[in-house]
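Colleague: quick one, structure for this:
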Amino acid sequence: MFKQKYLIILALFSFLVTTAHADEPSSEPILRIETGMHTAAIMRISVDAAERFLLTASLDKTLRLWDVHTGDLLKTYRVPIGAGNECRLDSGVISPDGEWVAGGGWTGKEWDNKTTSIYLFNRASGKLVKRLSGLETSITNLCFSLDEQYLGATIGGNNGIRVWETQTWQQIFSDTDYADSSLWCDFDPQNRLLTSSRDGYLRLYSSASDGFSLVVKSDAPGGSEPYTAVFSQNGDKIAVGFHD
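Modeller: This next block holds a predicted model:
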C-alpha cells in the first residue's frame, strides 16, 4: 500500500512539474548531423538593406546566414527543437541593419495554446538573446520595419497579427479580427503595415505614436486566396501572389 501511494505521489509530482513548464521548450539534447546546408525545404529568405547577408529559414529547424557575394555559409542559428514538426521554421527575417535575426514557425506545442515563440538572435555572435512567447499557434511570417523600430508577425488560425517595438520588445499592437490564418506582412518606408490572409482580404494599417490602426480592408483583385503581399520600394504599389 505504501509503495502504491508513493508511486501515485511521484506521478502527481511529475504531472505538476510538466504542467508548470508546459510553455517552456524542452532542455533534452537532440543530436543532429551538421551538413553545412539545409536538409529540408527552405520556406523564407531575407536580405539586409546593404545586401551583405542572406538569411534562410527551413523545415529542417535551422536558420542559416549566407554571404550574398560569395555564397559562403556564415552562421547557423538553432532554436530548441522537438519531435515531428515541433519547431520547424516557416519564417525567418534579418533586420535591415543586419544586427538581428528572428525565426518562427511551429515553435510551440500543437496541443497546448499560448506556447508558440519567436526566437531572436544576435546576427554576429549567433547567440539567442530573446524569446517572444505566449503566441497561440504557428508563426506564418515575420517582418521588420525599414527603420528597425517594429517587428511584425502573422499567425495561423484566426489569431491575426502582432507588432512589437524593438527597443523594449514590448508588444504594442494586435488585431485578431481575422476569419482565417494571416499569411504575410510587410512594412513600407512610412511604417504602414500590409498583411494578407486566407480569409481573402488584404489589410493596410497606419502607424502612429500610440500604435497602429486599420485603414483599409480590401478584397485582392486577381484571386480569392492572397498569400504573399509586399510593397514596392517607395510604398506606392503592392504586389500580391495568390495561393489559388
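
Colleague: and Thr228, helix, strand or coil?
Modeller: strand (DSSP: H, G, I helix; E, B strand; the rest coil).

Colleague: where's the closest residue to it other than its chain neighbours relative to Arg123, distance?
Modeller: Leaving aside its chain neighbours, Thr228 sits nearest to Gly241 (3.9 Å; criterion: CB to CB, 6 or more residues apart in numbering). (Glycine included, C-beta is placed from N, CA and C.) For Gly241, the distance to Arg123 (CB to CB, to the nearest Å) stands at 28 Å.

Colleague: more neighbours: these two, which one.
Modeller: Shown here are Gly241 and Arg123; by other CB atoms under 10 Å, Arg123 has more neighbours (20 against 16).

Colleague: centre-most residue in this protein?
Modeller: Central residue of the chain (CA atoms, centre = their mean): Gly104, 3.2 Å from the mean position.

Colleague: convert the C-alpha atoms of stretch 200-207 to PDB, please.
Modeller: Taking Å, rounded to 0.1, in the frame of the first residue of the first chain, the C-alpha atoms of stretch 200-207 are listed here in PDB:
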ATOM      1  CA  GLY A 200      -9.400  36.600 -48.800                       C
ATOM      2  CA  TYR A 201      -8.500  40.100 -47.600                       C
ATOM      3  CA  LEU A 202      -5.500  42.500 -47.700                       C
ATOM      4  CA  ARG A 203      -5.300  44.800 -44.700                       C
ATOM      5  CA  LEU A 204      -3.400  48.100 -44.500                       C
ATOM      6  CA  TYR A 205      -2.500  49.600 -41.100                       C
ATOM      7  CA  SER A 206      -1.200  53.100 -40.400                       C
ATOM      8  CA  SER A 207       1.400  53.700 -37.700                       C
END
